[in-house]
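J.: Here's my sequence, what's the structure:
(chains A and B)
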2 protein chains.
Amino acid sequence: MNNCSTISGYLIQQLSTHGVRHVFGVPGDYVLGFFHELQCSKLRVINTCDEQGAGYAADAYARIAGLGAVCVTYCVGGLKLANTTAQAFAEKSPVIVMSGAPGTNERSRSPLLHHKVRDFNTQLKVFEQLTVASTVLDNPHTACREIHRVFNAALRYKRPVYIEIPRDMVSVPVSLDNIPDEKLELSDMNTLNEALREAGHMINTSKRPVIIAGIELHRFGLQKELLEFVENTRIPVVSTLLSKSVMSEHHPLYLGVYGGAMGREEVIRYVESSDCLILLGTFMTDINLGIFTAHLDQGCSLSVTSEKISIRYHSYEDIRMEDFIRGMLKINICRRKERGRVHPPLAPPDFIPGRKITIRHLYQRLNSFLEKEMVVIADTGDAMFAAMDMTIHEETEFLSAAYYASLGFAVPASLGVQMAKPELRPLVLVGDGAFQMTGMELSTIARYHLNPIVVILNNRGYGTERYMRDGPFNDLTTWEYSRIPEIIKSGKGFDIKTEDQLEDALCAVRDYTEDFCILDVHIDQEDCSIALQRMTKALKKRT
Amino acid sequence: MNNCSTISGYLIQQLSTHGVRHVFGVPGDYVLGFFHELQCSKLRVINTCDEQGAGYAADAYARIAGLGAVCVTYCVGGLKLANTTAQAFAEKSPVIVMSGAPGTNERSRSPLLHHKVRDFNTQLKVFEQLTVASTVLDNPHTACREIHRVFNAALRYKRPVYIEIPRDMVSVPVSLDNIPDEKLELSDMNTLNEALREAGHMINTSKRPVIIAGIELHRFGLQKELLEFVENTRIPVVSTLLSKSVMSEHHPLYLGVYGGAMGREEVIRYVESSDCLILLGTFMTDINLGIFTAHLDQGCSLSVTSEKISIRYHSYEDIRMEDFIRGMLKINICRRKERGRVHPPLAPPDFIPGRKITIRHLYQRLNSFLEKEMVVIADTGDAMFAAMDMTIHEETEFLSAAYYASLGFAVPASLGVQMAKPELRPLVLVGDGAFQMTGMELSTIARYHLNPIVVILNNRGYGTERYMRDGPFNDLTTWEYSRIPEIIKSGKGFDIKTEDQLEDALCAVRDYTEDFCILDVHIDQEDCSIALQRMTKALKKRT
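T.: Predicted coordinates for the structure are as follows:
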């Protein structure tokens, strides 16, 4: 068991206290001492093929469990996490990034130690750009306070933080005396009451309000409150692509994903003709807004985020989002008669033996294949856009990097998700381009006996880009993806060109739960989802 | 053909002028316009599976061709290059890192565009830490001057630079008027003459001088000068691990690699008993010095690097390394009678059918397998340490990241090397841990019909770390590496457990030149090179 009177012991204890049970990473000599301490603790070390995989897994873990952790060595490990940490920053996922480092006793006169870049602070300076707080635990007198400070920042802002552990500090005793009491930030009650009164009036005097439920409801644990508000008021709800599955998509008041020109006609019409837009925790990103093809009238908007609360053209300060949303449950908001129009679930399609598979057929079929305790993880590209209209059973059963849009998230994310919540079976939707970046993490998935279903949309290149500007740089070497299980000696592979082959594979996959499955679905290069067609048309104008 | 009156045209022209013929990268929407321009130019775009692969390939290309280039999209691409750029910085490899970015016209009011992290300058700020110069080409009036400035920095310091191209700037016309004339830095002649006189006297009055030839001789193109100096004076030479192959290792005056406790007894003895150490372009890194087990007496050292010239305990400023080394060819240094003791090439070992293969046997056999126009690329770990005593035929036929020591360099480096110099056939030596990080770039290698021989030291985990501190985190899932050609549909695989299987594979490999070969060499977990045994003993003391 770990000893919480050392720097490493205290750090491990804090991870544990905040619900972290797994640490993803790749070891290296500057961090071996700390890895040893992790191994001896009740945390489980999950080591991936590459640091990139560990970073994505920790991000996904944070999205499910509320906090994630990744641990690597100095520079050669840490700098490989720059992109995954940037993703966690952009999409508000609280990840504790931990890195070993040369000992404080080795640093004097700045010798040329291996893994050093410009000076011993290079990695720290890089992570200052990518996190909301960072620290080097080089002082046992302040270490506990520093650990508290950065953990609080991660939890307060739901963004990544950076902790560097010089290797000679791992076992240094710490003083537990000077840990400050947590100061809870409070809303100003007068401001809150005025804002709530105005919001209530605005909603009650509107004819057809609609809620645009954003990702912060998920990140700040306000999904129950959303549901209660919706069921009390019967105001219908849309989500954004980033916040998809913020509530069950089978709920009768859920209308679908709104995303400007990307989305379904009827959802666009409903939202854009509303006279009261209630934006809860919603990021106005370009992809969420269909590359700014959305037409949302600020003159009839109420927007509540962790950064700002605004009604029409004015804003309120000193109000916490949580207090505002909980406050909305207490004020008098009239109950509507109108029920939202139920988003009709896509029907399971007929299949015709020998008929070539299309993206449309694939997604219709996958949609009816979905069941409770299945989580859809969509990688960037058409794998994600096509998934927009899938009907997700329960809340938080859809994950994607729909704002930052980095390729290669989905496969390692499934590792993070299943560690965080083993009863969920991931359905991973990933293009061949993204798969070639991080697909080797299937070997990590096999090692820990997880069982995601990985569906590769194989169109032999970067399909999304072909629609914007084509060239040989969008082509990729084709792999025999369905034979990867032979290399890793785990899992089952399926090669799918026709509708009946998909049918057979899905039957087999449902029964085969002891291990991962990989479905290589061959798609025509010209084929793409309707959402992507609309989306790339909008993007193309700007290239 | 490219039009050099636009920003992209001018940038492409400058790359070409400085000998760049290939640009490695992965496209993305913010950089598609520039990729299109690259594609239309005489440069060749080489797209890799992941940006990490492109970064390593460009670094290796720079080491062979004198300048390398990589081009990616904003943040989701660029930040994946943080580690490879840090390696290029640490090991002085001049790489032009180019990234697309949101257009200047899209940035006002800071909208949430996809791929953005904290603000539009996040990526620039990260790369300021990892490069010697950086610029955003957002102004057509200064663009050419800026391109010159960063190219000059890359070439002057032999380190990476960063160029960001907002996507609306790609086709903007530039003015070619205000490009300043290059100012050649000159040495101060009085200082140079005094330093040369003192150096000459020091060498001529010594009994047994030795040259420690460092990596900067290679980076600054001074290998011919080294050879001339050696042959004029008959002073024997050692290299460091980082600079291995700075001259042909068959040269009678070449003694071997010096690396403190890591190295061969006789080389250590020769160097450490010398009364005049001539360090030319040598980095005093921990790995070069065998984790500081080296005993080099500053009181009898003459050290010449691009950063500093010093004799014993004093130093000279305002002298360019090139001028000093060329100056040493002109002053009177007496010719020694003693010939260096020829480093005996390892004899081709006997093989016994059925006998289990060991690292010792493998490297002995590979050493005799080497021939002219074969370049050894060793990944970090025992793959590199064991290669220390191989005898390299010609100069610049050994590559490794022997200072920065990042895993995963070797496979993508072989892509870079063969693009830079197609007549070289790479012999890639890589541990299974490193291979699992970037091995998928074999698919890129297949696409471009290159033919490296990839030898995997398969000990099912991070062998080097096992010697420092073992734990389950050092274990990896084993892959059937020799069957990877079945997935990629190119190349030939060999599964090797015994000495005769190695023999057969090497025969086949020598004849099979149209494609890559992969040799999965199964090594006992306890087996390791003598160099590693010594090295890890030294490292262990410091963990």
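J.: can you map out the strands along the stretch 201-350 of chain A?
T.: A:209-213, A:237-239, A:254-257, A:276-280, A:301-304, A:309-311, A:314-316 (DSSP state E, counting those that start in this stretch).
J.: Can you spell out which helices and strands pack onto the third one?
T.: Using 3 or more CB pairs under 8 Å, 6 or more residues apart in numbering or on different chains; DSSP states H and E, the elements in contact with strand A:254-257 are strand A:237-239, helix A:265-272. Yep, even glycine has a C-beta here, placed from its N, CA and C like the rest.
J.: Over to the second one?
T.: Contact partners of strand A:237-239 among helices and strands, from 3+ CB pairs under 8 Å, 6+ apart: strand A:209-213, strand A:254-257, helix A:265-272.
J.: ok, 7 Å please
T.: Contacts defined by 3 or more CB pairs under 7 Å, 6 or more residues apart in numbering or on different chains; DSSP states H and E place strand A:237-239 against strand A:209-213, strand A:254-257.
J.: Quick check, A:A387 in contact with A:L429.
T.: Yes. Using CB atoms under 7 Å, A:A387 makes contact with A:L429 at a distance of 5.8 Å.
J.: Overlap of the contact sets of those two?
T.: A:V376, A:A378 (CB atoms under 7 Å, 6 or more residues apart in numbering or on different chains).
J.: Low-confidence regions, the stretch 51-200 of chain A specifically.
T.: For the stretch 51-200 of chain A, no stretch has pLDDT under 70.
J.: try 90
T.: Scanning the stretch 51-200 of chain A for pLDDT under 90 picks out A:106-119, A:175-186.
J.: which parts of it sit against chain B?
T.: Contact residues, the stretch 51-200 of chain A versus chain B (CB under 7 Å from any CB of the partner chain): A:75-76, A:79-80, A:82-83, A:86, A:89-90, A:111-118, A:122, A:125-126, A:129-130, A:167.
J.: do that again at 6 Å, thanks
T.: Proximity of the stretch 51-200 of chain A to chain B is confined to A:75-76, A:79-80, A:82-83, A:86, A:89-90, A:112-114, A:117, A:122, A:125-126, A:129 under the rule CB under 6 Å from any CB of the partner chain.
J.: Please list the members of these that lie in strands.
T.: Nothing among these maps onto strands, per DSSP state E.
J.: export the helices and strands packed on strand A:237-239 to TSV and tack on mean neighbour count and mean pLDDT?
T.: TSV is the format used below for the helices and strands packed on strand A:237-239 (neighbours: other CB atoms under 10 Å in any protein chain shown; pLDDT from 0 to 100):
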stretch	mean neighbour count	mean pLDDT
strand A:209-213	26	96
strand A:254-257	25	93
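J.: Of the ones you listed, which is nearest A:D275?
T.: Nearest to A:D275 among these is strand A:209-213 (7.4 Å), distances taken as CB to CB.
J.: How much space separates A:S482 from A:D527?
T.: Remark: distance between A:S482 and A:D527 (CB to CB, to the nearest Å) = 19 Å.
J.: Mind checking which of the two has more residues around it?
T.: For A:S482 versus A:D527, neighbours defined as other CB atoms under 10 Å in any protein chain shown are more numerous around A:S482 (22 against 18).
J.: The more buried one and A:G493 touch, don't they?
T.: Yes. In terms of CB atoms under 6 Å, A:S482 counts as a neighbour of A:G493; the distance is 3.4 Å.
J.: returning to that earlier point: in CSV, list the strands of the stretch 201-350 of chain A along with distance to A:I96.
T.: Converted to CSV, the strands of the stretch 201-350 of chain A look like this (distance: least, CB to CB, whole Å):
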stretch, distance to A:I96
strand A:209-213, 27
strand A:237-239, 28
strand A:254-257, 31
strand A:276-280, 27
strand A:301-304, 27
strand A:309-311, 29
strand A:314-316, 32
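J.: closest one to B:G471 among these?
T.: The closest approach between B:G471 and any of the strands of the stretch 201-350 of chain A, judged by CB to CB, belongs to strand A:237-239 at 42.9 Å.
J.: Direction included, what does that closest one pair against?
T.: strand A:209-213 (parallel), strand A:254-257 (parallel) (DSSP bridges).
J.: Can you lay out these as TSV showing distance to B:V257?
T.: What follows is these, written out as TSV (distance: least, CB to CB, whole Å):
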stretch	distance to B:V257
strand A:209-213	63
strand A:254-257	61
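J.: which residue packs closest to A:I215, ignoring adjacent ones?
T.: The shortest distance from A:I215 to any non-neighbouring residue, by CB to CB, 6 or more residues apart in numbering or on different chains, is to A:S243 (4.1 Å).
J.: what kind of secondary structure is A:L399 in?
T.: Following DSSP: H, G, I helix; E, B strand; the rest coil, the label given to A:L399 is strand.
J.: hang on, isn't it packed against A:V376?
T.: No. The criterion here is CB under 6 Å, and A:L399 misses it with A:V376 at 7.3 Å.
J.: so the closest residue to chain B within the stretch 101-250 of chain A bridges to which residues?
T.: Closest residue of the stretch 101-250 of chain A to chain B, CB to the nearest CB: A:L112 (4.0 Å). For A:L112, the beta-bridge partners are B:T285 (DSSP bridges).
J.: which residues does A:V411 contact?
T.: A:T438, A:G439, A:E441 (CB atoms under 6 Å, 6 or more residues apart in numbering or on different chains).
J.: burial of the last one, as a residue count?
T.: The reference is to A:E441. By other CB under 10 Å, the residues close to A:E441 number 26.
J.: ok, now the second one?
T.: Neighbouring residues of A:G439 were enumerated by other CB under 10 Å; the total is 26.
J.: So A:P173 sits against A:S8, correct?
T.: No. Applying CB under 6 Å, one finds A:P173 not in contact with A:S8, separated by 10.8 Å.
J.: So between these two, which is more surrounded?
T.: Set side by side, A:P173 and A:S8 show more neighbours around A:S8, with 27 against 13, by other CB under 10 Å.
J.: how close does that one sit to chain B?
T.: For A:S8, the distance to chain B (CB to the nearest CB, to the nearest Å) stands at 13 Å.
J.: quick one: secondary structure of that residue?
T.: helix.
J.: What separation do you get for the residue of chain A positioned farthest from its centre and B:Y258?
T.: Computed with CA atoms, centre = their mean, the residue of chain A farthest from its C-alpha average is A:R109, at 42.4 Å. Distance, A:R109 to B:Y258, by CB to CB: 22 Å.
J.: what bits of the stretch 301-450 of chain A have low per-residue confidence?
T.: For the stretch 301-450 of chain A, the stretches with pLDDT under 90 are A:308, A:337-350, A:372, A:389.
J.: near chain B, which residues of it?
T.: Proximity of the stretch 301-450 of chain A to chain B, by CB under 6 Å from any CB, involves residues A:A405, A:S406, A:Q436, A:M437, A:M440, A:S443, A:A446, A:R447.
J.: so how many other residues sit close to the fourth one?
T.: Here the neighbour count serves as a burial measure; for A:M437 (other CB under 10 Å) it reads 29.
J.: Give me the buried entries from the residues of the stretch 51-200 of chain A next to chain B.
T.: Taking 16 or more other CB atoms under 10 Å in any protein chain shown as the criterion, what is buried in these is A:75-76, A:79-80, A:82-83, A:86, A:89-90, A:113-114, A:117, A:122, A:125-126, A:129.
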